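Enquirer: Predicted model, plus sequence, below.
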Amino acid sequence: MNNGSFSILLFFLSLALLSCRQEEANPMEETHYELDVPAGFPYPDIPEDNELTAARVALGKRLFYDPILSEDSTISCASCHKQALAFADDVPISPGVKGRLGFRNAPTMANVAYVERFNKDGGVVKLDLQPVVPIEDHNEMNLPLQDAVARLKDHPDYPEAFLKAYGKEASPFTLTRALASFMRTLISGSSRYDLYAGGKTSAVSEAERRGLTLFTGRAGCANCHAGFNFTDDNFRNNGLYEIYEDPGRNRITLRPEDEGKFRVPTLRNIALTAPYMHDGSLPTLESVIEHYNGGGTAHPNKDTLIRPLQLSEEEKASLAAFLRTLTDSTFINNPLFGKE
Ligand code: HEC
Ligand code: HEC
């Protein structure tokens with residue numbers, strides 16, 4: 001072999017080696033995951049550094065249901081965010097590791113892809129960062145993020161799943177992004193109310209329709225619980241207390257005018273997510289309606305929209321009946337969202 005052909009051979013050999021290596025180092029699967037967005041819903045914003053792919057959603061789902069992310073491997077995200085309850089819980093305060101209690105009621109994950117500021121006080125501004133809070137919180141999973149990452153790196157098959165999803169190993173970045181990807185798929189918009197809104201008049205009863213008329217009309221609920229997701233994404237004081245133990249939005253802004261203000265929550269699947277309010281203090285929809293009907297307690301920040309409503313017993317019952325039409329049984333039974 002002369003020098004020329006030898007170097008050509010070397011060239012092809014190294015090319016072959018290089019391409020093998022590349023395949024090994026980057027087995028990332030980039031199959032785009034298209035969200036199933038109901039009529040009347042916008043397509044949610046997806047961050048550029050975390051495009052949705054099937055592998056990311058699958059990894060996030062597995063992590064969401066895996067107690068490996070808690071100190072003693074007893075608590076997963078799904079311990080407090082249960083699919084049958086629209087990814088909320090049925091107790092005022094859900095226990096974390098060692099039965100420890102935090103101070104707020106676990107919210108639904110339905111349509112969390114549309115939320116702009118997370119937690120009831122809006123203290124977290126990106127869904128991609130939110131999972132750090134429960135994983136590290138002393139009262140929730142109590143595991144330093146670096147320890148969670150170390151466990152995932154040591155695991156028999158998580159490393160491959162991370163490579164497939166991100167072309168990178170487990171890290172605080174990929175762990176939180178994967179969880180966010182799964183949560184973005186949790187879209188709920190197939191309730192009886194949606195059928196009705198889509199033109200199927202028979203999907204709701206007379207009483208439920210009267211409840212909807214009150215909701216958007218005289219009872220004023222839709223001023224705050226507005227739009228396709230029944231929230232105006234604002235922070236408001238709905239007159240629950242005269243003195244707030246949990247200052248709400250004020251915890252973040254420290255402004256006196258934000259005391260007792262909480263993010264207006266979605267009302268989708270509301271019949272499944274009792275007890276209600278930031279602290280889970282109202283046990284039933286009936287007690288919520290009594291609260292609003294009474295006009296709330298005196299607080300300097302109470303919203304001017306909260307005032308005595310003078311609803312009759314029949315009107316209260318219709319309002320509650322309307323709220324129950326927001327239950328989406330497809331959502332809570334969807335195997336794509338459930339534990340395998
Ligand atoms: C011990 C119960 C518990 C566990 C475990 C838990 N959460 Fe939560 N979650 C809550 C509570 C309570 C809140 C409300 C916190 C607040 O408003 O300050 C919340 C809020 C959230 C929010 C914000 C939703 C919104 O509408 O603002 C997201 C997203 C979330 N959790 C995701 C997760 C993920 C992902 C995990 C697992 C890594 C997890 N949670 C584990 C109880 C829990
Ligand atoms: C001024 C704005 C405003 C108006 C008007 C309003 N709400 Fe609310 N609503 C809120 C806020 C803010 C919260 C959250 C309070 C908290 O977390 O303590 C809330 C919470 C709720 C909850 C509990 C949600 C949960 O997940 O815990 C229900 C149910 C509810 N409202 C129904 C109604 C109904 C029915 C009406 C009309 C009678 C109404 N709201 C009127 C702002 C409003």
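Expert: Perfect, thanks for sending it. Residues are numbered from 1 along each chain as shown. Ligands and ions are numbered 1, 2, ... in the order given.
Enquirer: give me every residue that touches the residue in the stretch 151-300 of the chain that ligand 1 sits nearest to.
Expert: Nearest residue of the stretch 151-300 of the chain to ligand 1 (Cβ to the nearest ligand atom) works out as L179 at 4.5 Å. Bear in mind the C-beta positions are built from the backbone N, C-alpha and C, glycine included. Taking Cβ atoms under 8 Å, 6 or more residues apart in numbering as the criterion, L179 is in contact with 60, 63-64, 77, 131.
Enquirer: F215 falls within a helix, correct?
Expert: Yes - according to DSSP: H, G, I helix; E, B strand; the rest coil, F215 belongs to a helix.
Enquirer: so what's it scoring on pLDDT?
Expert: F215 is assigned 98 on the pLDDT scale.
Enquirer: one step back: out of the contacts of L179, which comes closest to S318?
Expert: Within these, the smallest distance to S318 is 36.0 Å, found for C77 (Cβ to Cβ).
Enquirer: tally of neighbours for the closest one?
Expert: If you count neighbours by other Cβ atoms under 10 Å, C77 ends up with 26.
Enquirer: In the protein, where is pLDDT below threshold?
Expert: 1-25 (pLDDT under 70).
Enquirer: quick one: the spatially most central residue of it from L272, how far?
Expert: With distances taken as Cα atoms, centre = their mean, M109 lies nearest the centre of the chain, 2.8 Å away. Separation of M109 from L272 (Cβ to Cβ, to the nearest Å): 12 Å.
Enquirer: re the thing from before, OK, contacts around the closest residue to the residue of the stretch 151-300 of the chain closest to ligand 1 other than its chain neighbours?
Expert: Closest residue in space to L179, ignoring its immediate chain neighbours: P131 at 4.3 Å, by Cβ to Cβ, 6 or more residues apart in numbering. By Cβ under 8 Å, 6+ apart, the residues touching P131 are 77, 175-176, 179-180.
Enquirer: In JSON lines, list the residues you listed along with secondary structure and distance to ligand 2.
Expert: Supplementary listing: the contacts of P131 in JSON lines, determined by DSSP: H, G, I helix; E, B strand; the rest coil; distance: Cβ to the nearest ligand atom, whole Å:
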{"residue": "C77", "secondary structure": "helix", "distance to ligand 2": "18"}
{"residue": "L175", "secondary structure": "helix", "distance to ligand 2": "27"}
{"residue": "T176", "secondary structure": "helix", "distance to ligand 2": "24"}
{"residue": "L179", "secondary structure": "helix", "distance to ligand 2": "21"}
{"residue": "A180", "secondary structure": "helix", "distance to ligand 2": "21"}
